[in-house]
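Participant: Predicted model, plus sequence, below.
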Amino acid sequence: MPLQILLILVVGGIAAVAVLLHLTGRSRQTYLDEGKARAAWSRQFPEQPAARVLVAQNGKAALVAPEAGQPPLGLVWSFGADAVARDLQHLHLSKTARGLQLQFSDFGAPRANLRLNPAEIEQWHRIIAAQSFDAASGEQSNTAGRPS
Amino acid sequence: MMDSLSYPDVTQWAVPFFIAAILAEFLWIAIKGRGGRYETRDAVTSLIMGAGSVASGILLGFIAWGFFMVLWRITPLDLGTSIWVIILCFVLDDLRYYWVHRLGHRIRWVWASHVNHHSSQHYNLTTALRQTWTGTFSFIMIIRAPLVLLGFHPALVLFVGGINLVYQFWIHTEAIGKMPRWFEAVMNTPSHHRAHHGRNPRYLDCNYAGVFIIWDKIFGTFVPEQKDDPVDYGLVFNIASFNPLRVAFHEWVAIYRDVTQPGLSWKQRLLYALAPPGYSHDGSRDNSETIKAKHLIRNPNDRGTPGF
Ligand SMILES: [Zn+2]
Ligand SMILES: [Zn+2]
């Protein structure tokens, strides 16, 4: 096939698919509630059940404390229509204008940009820095209790 | 001996059909409300991976081609290009594909190239086009050498390999449940290949077939899709990036980091590159055997069922 025609087909085809999917609402990010966050966590770490889960107000991320109560904590965040999970080891944590940025030393999962409200930014920063939910002062009402 | 045999590049000519089929599958899912999921960035990444794979073939294809032409000069055999030779070549090349694919899952160096095909959490026709950019660096083209040495012209070998890849396009769908019984018994189908894309412990390292599922049945790697264990698509450890460069190169980078970490013996460095994915010198990672074993501890009733 002539290269020019191939190029037009490929670029046009990708653009058409992208526009069609976007206009029909296929760009929406998955919304995590506590159950979904828990399921996404156990899907990735079936050997370390989540004891406590703290879901961000916008439903795009959740902090996870594994059952054993030992660090590291974990993070679940929405990734397109799906979710991904990582434990919070070897990361660089920084505050951004609208949330937190977590940089991992993982080429396939370089960073998670979390949008959080101002109170959450402080709370999550403390929790992640201390690797403990107990660092969340006075805002325990958001956290889920141990599963019965 | 002929040197200038040429066949059409089937993967390139199939591009218009790919686009039409993707649109048709999307419409079918949208109308029926079942049979798969599409996500914008996931689909676009898959399509860019496909385009990049064709581009890398155009740019780097000469390396494999040169290698095959050297073999073609060496071999005294020439089977010609009769229809029976083409059919025989297609079947033997499918056996070649089975082993290339199996090694692609069991040798990390080859997995680094193939992993991107499994890196989507979706399974639709765009997933079929999520193809490698780095196949040349896996050196896996040596598995084609016997075909050329047997007297199949390199152009014929690449031609039937292209048909093989085009066949595999349509099986990347959830819109088709099961094909007729006889077809499921002989051919690779959406159902069989869905299982291959599963990250469930049961489905790890199964159904490597290209066109004929019989190879998996012969070599003991066949696992039928189970109704009570729906396929969970993606990698055991899913990546968190839609960036095509990260999708294409993440496992190569991971190999580099593992091999160059301080304090390892040369054997350990070699194993990080060549052992099955999941190898670690200190046993800190899981491979498919340990994942299956741990699953069976959590779910003892699955022992003895397909895949365990
Ligand atoms: Zn595969
Ligand atoms: Zn596939």
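Facilitator: All right, it came through fine. Ligands and ions are numbered 1, 2, ... in the order given.
Participant: Shouldn't residue A:16 be within a helix?
Facilitator: Yes. According to DSSP: H, G, I helix; E, B strand; the rest coil, the state of residue A:16 is that of a helix.
Participant: List the contacts of it.
Facilitator: Taking Cβ atoms under 8 Å, 6 or more residues apart in numbering or on different chains as the definition of contact, the neighbours of residue A:16 are B:19, B:23. To be clear about C-beta, it is placed using only N, CA and C from the backbone, and glycine gets the same treatment.
Participant: How about residue A:41?
Facilitator: Taking Cβ under 8 Å, 6+ apart, we find residue A:41 in contact with A:50, A:53, A:62, A:64, A:74, A:76, A:85.
Participant: And residue B:213, by the same measure?
Facilitator: Residues in contact with residue B:213, defined by Cβ under 8 Å, 6+ apart, are B:184, B:185, B:186, B:187, B:188, B:189, B:192, B:207, B:222.
Participant: tell me which element the first one falls in.
Facilitator: It stands for residue B:184. When secondary structure is defined using DSSP states H and E, the element that contains residue B:184 is helix B:181-186.
Participant: If we go by neighbour counts, what in that helix is buried?
Facilitator: Of the residues in helix B:181-186, residue B:184 count as buried by neighbour count, 16 or more other Cβ atoms under 10 Å in any protein chain shown.
Participant: C-alpha coordinates for it, PDB please?
Facilitator: These are the backbone C-alpha positions of helix B:181-186, laid out as PDB (Å, rounded to 0.1, in the frame of the first residue of the first chain):
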ATOM      1  CA  ARG B 181     -18.600 -26.700  18.700                       C
ATOM      2  CA  TRP B 182     -16.500 -28.000  15.800                       C
ATOM      3  CA  PHE B 183     -15.000 -24.600  15.300                       C
ATOM      4  CA  GLU B 184     -14.100 -24.100  19.000                       C
ATOM      5  CA  ALA B 185     -12.500 -27.500  18.900                       C
ATOM      6  CA  VAL B 186     -10.000 -26.700  16.100                       C
END
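Participant: so after that helix, what's the next helix or strand?
Facilitator: Scanning forward in sequence from helix B:181-186 by DSSP H and E, the next helix or strand is helix B:190-196.
Participant: if we can go back for a sec, out of the contacts of residue B:213, who's nearest chain A?
Facilitator: Each of these was scored against chain A by Cβ to the nearest Cβ, and residue B:207 proved nearest at 21.4 Å.
Participant: Surely the closest one is in a helix?
Facilitator: No. Counting by three-state DSSP, residue B:207 is not part of a helix but coil.
Participant: Which helix runs longest in chain B?
Facilitator: In terms of residue count, the longest helix belonging to chain B (DSSP state H) is helix B:40-74.
Participant: Right, and chain A sits closest to which residue of the stretch 51-200 of chain B?
Facilitator: For the stretch 51-200 of chain B, Cβ to the nearest Cβ, closest residue to chain A: residue B:121, 4.3 Å.
Participant: Phi, psi for residue A:52 please.
Facilitator: Residue A:52 adopts backbone torsions of phi -130, psi 140, taken as degrees, to the nearest 10.
Participant: Residue B:120 too?
Facilitator: Backbone dihedrals for residue B:120, given as degrees, to the nearest 10, come out at phi -90, psi 150.
Participant: Excluding covalently adjacent residues, which one is nearest to it?
Facilitator: Counting by Cβ to Cβ, 6 or more residues apart in numbering or on different chains, the nearest residue to residue B:120 once its immediate chain neighbours are dropped is residue B:127, at 5.2 Å.
Participant: does the one you found count as helix, strand or coil?
Facilitator: Using three-state DSSP, the structure places residue B:127 in helix.
Participant: so it makes contact with residue B:194?
Facilitator: No. In this structure, residue B:127 sits apart from residue B:194 without contact. The criterion is Cβ atoms under 8 Å, and the distance is 10.3 Å.
Participant: where does chain A come near chain B, residue by residue?
Facilitator: Near chain B, the residues belonging to chain A are A:1, A:3, A:6, A:9-10, A:13-14, A:16-18, A:20-22, A:24, A:26-27, A:43-44, A:46-47, A:77, A:79-82, A:84, A:86, A:107-110, A:112 when assessed by Cβ under 8 Å from any Cβ of the partner chain.
Participant: Go through these and flag which are in helices.
Facilitator: When DSSP H is applied, those are split such that A:3, A:6, A:9-10, A:13-14, A:16-18, A:20-22, A:43-44 fall in helices.
Participant: which residues touch residue B:28?
Facilitator: Under the criterion of Cβ under 8 Å, 6+ apart, the neighbours of residue B:28 are B:35, B:175.
Participant: Tell me which helix or strand it sits in.
Facilitator: The secondary structure element spanning residue B:28 is helix B:15-32 (assigned by DSSP H and E).
Participant: how much space between residue B:291 and residue B:102?
Facilitator: In this structure, residue B:291 lies at 18 Å from residue B:102, with Cβ to Cβ, to the nearest Å as the measure.
Participant: Ok, residue B:159 next?
Facilitator: Separation of residue B:159 from residue B:102 (Cβ to Cβ) stands at 23 Å.
Participant: quick one: which of the two has more around it?
Facilitator: Taking neighbours as other Cβ atoms under 10 Å in any protein chain shown, residue B:159 and residue B:102 compare with residue B:159 leading, 23 against 18.
Participant: That one contacts residue B:10, correct?
Facilitator: Yes. The criterion here is Cβ under 8 Å, and residue B:159 meets it with residue B:10 at 6.9 Å.
Participant: Is the residue positioned nearest the centre of chain A bridged to anything, and to what?
Facilitator: A centroid search over chain A (Cα atoms, centre = their mean) returns residue A:77, at 1.3 Å, as the residue closest to the centre. Legend: beta-bridge partners of residue A:77 under DSSP bridges are residue A:61, residue A:84.
Participant: from memory it sits against residue A:83, does it?
Facilitator: Yes. Taking Cβ under 8 Å as the contact criterion, residue A:77 and residue A:83 are neighbours in contact, 6.7 Å apart.
Participant: list residues touching both of these two?
Facilitator: residue A:32.
Participant: which parts of the helix or strand where residue A:35 lies are buried?
Facilitator: Remark: residue A:35 resides in helix A:34-44, with elements defined by DSSP H and E. Buried residues in helix A:34-44, defined by neighbour count with 16+ other Cβ under 10 Å: A:36, A:37, A:38, A:40, A:41, A:43, A:44.
Participant: hmm, back to that, tell me, how many residues neighbour the residue nearest to residue B:120?
Facilitator: Applying other Cβ under 10 Å, we find 25 residues neighbouring residue B:127.
Participant: now residue B:83
Facilitator: The burial count assigned to residue B:83 is 7, neighbours taken as other Cβ under 10 Å.
Participant: try the one 3 residues further on
Facilitator: Residue B:86 is flanked by 17 other residues according to other Cβ under 10 Å.
Participant: what pLDDT does the nearest residue in space to residue B:275 that is not next to it in sequence get?
Facilitator: If the residues on either side of it in the chain are set aside, residue B:275 comes closest to residue B:108, at 6.2 Å by Cβ to Cβ, 6+ apart. Residue-level confidence at residue B:108 comes out at 97, pLDDT.
Participant: what residue ranges in the stretch 1-150 of chain B score low on pLDDT?
Facilitator: Residues of the stretch 1-150 of chain B that meet the criterion pLDDT under 70 lie in B:1-3.
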